[in-house]
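Visitor: I would like to see how this sequence folds:
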Amino acid sequence: MARRAHRRLRITATAGVVALGLIVGQAAEQRTADSARSPMAHEGAHAAFSQEMDESMKSMTKAMADSSMTGDPDHDFAALMVPHHQGAIAMAKAVLEHGKDPVLRRLAQEIIVTQQQEIGVMENRLSAKPAAPRNAPPAVTHPRKRKAGPQTDPGTGPVIPISSQDRVYTSDQTSNTVSVIDPAANRLLGVIRLGDPVPGSLSPLYRNQLLVHGGGFSPDHRTLATVSIGSNSVTLIDTETNKVKGVVYVGRSPHEAFFTPDGKELWATVRGENYVSVIDPVQMREKRRVATANGPGMVLFRPDGKYAFVPSSFTPEVDVVDTGTYRVVARVPQASPFSPNLAVSRDGTEVWFTLKDSGKTQVMSARPPFRILSTIDSGPISNHVTLVDNTAGKFAYVTVGGENVIKVYRRGSTPALVATVPTGDLPHGIWGSGDGTRVYVGLENQDAVVAVDTLKNRVIATIPVGQQPQQLLYVPRAVPHGKGTAHLEPLGVAGKAGHLTLSAPKGENGHAHATVSVNALGALDLLQVAATGLKPGEKYLLLLTEHRTAPFGREQALTMFTANAAGAQVSQAIGLMREVLTPPESSKSAPARRYLIITPASGGTPVALQDESQPMPSSEGPSPDPAPIAGGTQR
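Guide: Modelled structure (predicted):
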C-alpha cells in the first residue's frame, strides 16, 4: 500500500500524463484478471493480439512509474512521455500485424511515424539539458570538462555537433545522381544513381528520373526527398541505407519539397503550374493540392508548423499558407518575380528569400502581418540562402553565383554585410551544419562542394561531386547506425568534366565574366555558361571559334540568351564539345582546339573571351568535329 500511495503522489506531479499511465495500467491489470477468470477470452484468432496489448500496457505503466521525477516540469514531462509513446508504438504495431480495418491500420501507421519522431525530439531535449534532481544544488561544469554531445541553443532547439553520422547531400541535375558526403571527413562517399545521362534519358522508353534538382528531409532525419524536374517526381530515400523507398509523381516541373515539422506531410512546389502538392509520405501518394500564385518555387515552414512560406518563380509574391486550412492567408510582394529559394529562422521570426533575376535578397517577418523588413542588393545570380546561429551571433549566408562568392549578413533590424567568401564557380545550394559552425555550398559550374568554417568565414575543404549540383542539404544524424555506404556507387562518367573561364577583353573597360562547365553525358557533352556583367535585357551569343583572339576564324553559335535585370544569365547547349575545348595535352590525335567567346547577338566586339590558362581536362581520346545540338536558358 505504501508503494502504491507513493506512486500516486508522483503521478499528481504531472497529472495529465501520469494519470493516463495509471488508468492504462489499471485497465491492463483488469484485463489480466478477467482473462484469468475467463480462459476463453484469449482463445482463438485474437489471443496473440490480446497478449501483446496487455504486455505493452504493463511495460508502459512500469516504465512511467519508474521514471525519475525531479520537479522540473520540462524534464518530467519528456521523461514520462517517452515510455508513453513507446507503448503506443507497440500497440500500433500489434494492430498492424493482426488488425484488418483499413482506417485503423492507416491510423496505426501514422502513430508509429509521428510518435517515433516525437520520441526523438524528447530524447534530444533530455540529453541536451538534463534537469537537476529535486532539492539538489545546481551543477557547475567547467567549460573544458564539459561532456561531448548535444547542447542547446536557447530558444532554437538542440545544437548537434558535426559527426560521421551526419550527411551532406547534393541533387546533381546533369548526372541525375544524389551525391553523399561525410562532413566529418569532408569526403565523397559515393552517389545514389536515380537516372541516366542524356541522351539515354531522352528515350521514349526511359523510366528513371530526369533533372534531379531539389530536395528536403524529414524531421527525424531518416528520409530524404529528392525532386526531379524532368520526370515530375519526388523520390523518397532512406538516409541510413541510401535505398529508394518509393517515388511519387506530381504535376509539371516540380522544383523543391520539404516535410512539415510534424513529419506527417511532404509539400512539393509544382513550379510548372500553380499549386503545392501535399504528399502522404507513408502511403506515398498525393493527398491534396494547395493553390498558390503561378510558379511556386520552394516551400518551408515556420518551426511551429502553423504557416508555410511559398515564394514564386514567375509571379512577384510570397504566399503564406495556413497549414491548418491549406489556404493562402497573405500575399507579400516580392521585389521581382524569380525567387528560387528561402530560409526560415529557427526562432520563427523571419524569412529570407533570394531573387535570382534581380540580384536581391529580401527579409520578411514570419509573423502576421508578414511584411517585408529589408531588401538587400546581394548581387547577380543570388541563388540560395541559409540562416546560421552560432557563438558569434545570427547570420544569413547567400550564394551569389555571378560573383562566385558567399555573402554573409549579420541578422538584425538592419542586416549588415560582414564577410564575403570566395567559393569557386557558380555557388548554388547552401545549408548549415547542426551546430552552425560550418556551411556547405554546391558549386554548379565546378561539380564540387566547398565546406566553409563559419567562425572564420573561410573555405576549409573542396569535395568533388556529381554534375552541376543544385539543392544542397545538411542532415545531422542521418545515419544512426553503421557506415551508411550501402547502395552507393562511384561517380563514373559524372567525374568527367572540363571547367573554363571567360573574361572581358583587356583594355575594353568591360565587366563581363563567365564560368563554363562541360560535362560528359556519355556520347554527348552538356555545356553550361553562367555569365554576368552584361547589359540587362540585351541578347548575347556564346560562340565556338577557331582562335581565342581576333581574327577568330570560323564561328559556330552554341546558345543565345538574354541578360536578366541584374545583367546575368545561365544558359546551356548540348553537343560534342568537351575535348575540343579541353583537349588532352598528351594526345597527338586530339582534334584542333576551339575557344569560347561571348558577343552581342546584334554583332560587334566580343564582351568576353576564354582565358588563356585553363584547368587540366579529365578525359582522353579523339573527338569528332564539334556538333552542337541544342541550346537554351536555364532557370
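Visitor: Now name the helix or strand holding Met91.
Guide: helix 73-98 (DSSP states H and E).
Visitor: following that helix, which helix or strand comes up?
Guide: Per DSSP H and E, helix 73-98 leads on to helix 102-128 as the next helix or strand towards the C-terminus.
Visitor: Can I get stretch 161-174 in PDB? Just the C-alpha atoms.
Guide: What follows is stretch 161-174, C-alpha atoms only, in PDB (Å, rounded to 0.1, in the frame of the first residue of the first chain):
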ATOM      1  CA  PRO A 161      28.000  18.700 -33.200                       C
ATOM      2  CA  ILE A 162      29.400  17.500 -36.500                       C
ATOM      3  CA  SER A 163      30.000  13.800 -36.700                       C
ATOM      4  CA  SER A 164      30.400  10.900 -39.100                       C
ATOM      5  CA  GLN A 165      26.700  10.100 -38.600                       C
ATOM      6  CA  ASP A 166      25.800  13.400 -40.400                       C
ATOM      7  CA  ARG A 167      25.400  13.600 -44.200                       C
ATOM      8  CA  VAL A 168      25.600  16.300 -46.900                       C
ATOM      9  CA  TYR A 169      23.500  15.600 -50.000                       C
ATOM     10  CA  THR A 170      23.600  17.400 -53.400                       C
ATOM     11  CA  SER A 171      21.000  16.900 -56.100                       C
ATOM     12  CA  ASP A 172      23.100  16.600 -59.300                       C
ATOM     13  CA  GLN A 173      21.000  17.900 -62.200                       C
ATOM     14  CA  THR A 174      23.000  16.700 -65.200                       C
END
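Visitor: Check which residues of it are buried.
Guide: The neighbour-count check on stretch 161-174 (16 or more other Cβ atoms under 10 Å) flags 162-163, 165-174 as buried. Every residue, glycine included, has its C-beta placed from N, CA and C.
Visitor: average pLDDT for that stretch?
Guide: When pLDDT is averaged over stretch 161-174, the result is 96.
Visitor: any idea how far that stretch is from the chain center?
Guide: 9 Å (Cα atoms, centre = their mean, to the nearest Å).
Visitor: Figure out how far the helix holding Met91 is from the centre of its chain.
Guide: Centre to centre, stretch against its chain (Cα atoms, centre = their mean), the figure for helix 73-98 is 30 Å.
Visitor: So which elements touch it?
Guide: Contact analysis of helix 73-98 by 3 or more Cβ pairs under 8 Å, 6 or more residues apart in numbering; DSSP states H and E lists helix 15-37, helix 47-66, helix 102-128 as its packing neighbours.
Visitor: Please repeat the previous calculation with a cut-off of 6 Å.
Guide: In terms of contacts (3 or more Cβ pairs under 6 Å, 6 or more residues apart in numbering; DSSP states H and E), helix 73-98 is packed against helix 47-66, helix 102-128.
Visitor: okay, the angle between the longest one and helix 73-98?
Guide: Yep, that's helix 102-128 we're talking about. Orientation of helix 102-128 against helix 73-98 (axes from the mean of the first three to the mean of the last three Cα atoms, to 10 degrees) gives an angle of 150 degrees.
Visitor: Quick one: mean pLDDT for helix 102-128?
Guide: 74.
Visitor: Any idea how far apart the tips of stretch 516-530 sit?
Guide: Length of stretch 516-530, first residue to last, Cα to Cα, to the nearest Å: 6 Å.
Visitor: now it: mean pLDDT?
Guide: Stretch 516-530 carries an average pLDDT of 86.
Visitor: if we can go back for a sec, in a markdown table: the helices and strands packed on helix 73-98, plus mean neighbour count and distance to Ala308.
Guide: Output for those, formatted as a markdown table (neighbours: other Cβ atoms under 10 Å; distance: least, Cβ to Cβ, whole Å):
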| stretch | mean neighbour count | distance to Ala308 |
| --- | --- | --- |
| helix 47-66 | 18 | 35 |
| helix 102-128 | 16 | 18 |
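Visitor: Show the model's pLDDT score for the residue nearest to Gly295 when sequence neighbours are not counted.
Guide: Spatial nearest neighbour of Gly295, excluding adjacent residues (Cβ to Cβ, 6 or more residues apart in numbering): Phe314 at 3.1 Å. Phe314 carries a pLDDT value of 95.
Visitor: go on, the one 3 residues further on?
Guide: Glu317 carries a pLDDT value of 97.
Visitor: Then the one 4 residues further on?
Guide: On pLDDT, Val321 comes in at 98.
Visitor: In the stretch 301-450 of the chain, mark out all the helices, start to finish.
Guide: Counting by DSSP state H, counting those that start in this stretch, the stretch 301-450 of the chain has no helices at all.
Visitor: hang on, the earlier thing: for Gly484, see how far away the residue nearest to Gly295 is.
Guide: Phe314 sits 38 Å away from Gly484, going by Cβ to Cβ, to the nearest Å.
Visitor: who has more neighbours, the two?
Guide: Gly484 (21 against 16; other Cβ atoms under 10 Å).
Visitor: Skipping its backbone neighbours, what lies nearest the more buried one in space?
Guide: Spatial nearest neighbour of Gly484, excluding adjacent residues (Cβ to Cβ, 6+ apart): Glu240 at 6.0 Å.
Visitor: I figured the one you found hits Ala478, correct?
Guide: No - Glu240 lies out of contact with Ala478 (Cβ atoms under 6 Å); the separation is 7.3 Å.
Visitor: So what touches stretch 265-283?
Guide: 109, 225, 234, 248, 250-257, 259, 286-292, 294-299, 313 (Cβ atoms under 6 Å, 6 or more residues apart in numbering).
Visitor: PyMOL command to pick out the buried ones of the residues you listed?
Guide: Buried members of these, defined by 16+ other Cβ under 10 Å, are picked up in PyMOL with:
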select buried, resi 109+225+234+248+250+251+253+254+255+256+257+259+286+289+290+292+295+296+297+298+299+313
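Visitor: Select from the contacts of stretch 265-283 every entry located in strands.
Guide: Applying DSSP state E to those, the entries found in strands are 225, 234, 248, 254-257, 259, 286-291.
Visitor: Around Gly324, how many other residues sit close by?
Guide: Using other Cβ under 10 Å, Gly324 is surrounded by 9 other residues.
Visitor: show me what contacts it?
Guide: Taking Cβ under 6 Å, 6+ apart as the definition, Gly324 has no contacts.
Visitor: which two of the ones in strands among the contacts of stretch 265-283 lie the greatest distance from each other?
Guide: Ala225 and Ala291 (21.5 Å; Cβ to Cβ).
Visitor: circling back to that earlier point, now, among the ones in strands among the contacts of stretch 265-283, which is nearest to Ala48?
Guide: Lys287 (33.1 Å).
Visitor: residue contacts, the closest one?
Guide: 278, 280.
Visitor: quick one: it from Val276, how far?
Guide: 12 Å.
Visitor: for Val227, same thing?
Guide: Distance, Val227 to Val276, using Cβ to Cβ: 12 Å.
Visitor: Ok, Pro311 next?
Guide: From Pro311 to Val276 the distance is 12 Å (Cβ to Cβ).
Visitor: Next: Gly359.
Guide: Separation of Gly359 from Val276 (Cβ to Cβ): 26 Å.
Visitor: These two: who's more crowded?
Guide: Val276 (28 against 25).
Visitor: Specify which residue of Glu240 and Ala478 has the higher count of neighbours.
Guide: Shown here are Glu240 and Ala478; by other Cβ under 10 Å, Ala478 has more neighbours (23 against 18).
Visitor: you'd agree the more buried one is up against Thr239?
Guide: Yes - between Ala478 and Thr239 there is a contact under Cβ under 6 Å: 3.9 Å.
Visitor: circling back: backbone dihedrals for the residue nearest to Gly484, both of them.
Guide: Backbone torsions for Glu240, taken as degrees, to the nearest 10, come to phi -80, psi -40.
Visitor: And the pLDDT at the closest residue to Asp322 other than its chain neighbours?
Guide: Spatial nearest neighbour of Asp322, excluding adjacent residues (Cβ to Cβ, 6+ apart): Val329 at 4.8 Å. Predicted confidence (pLDDT) at Val329: the value is 97.
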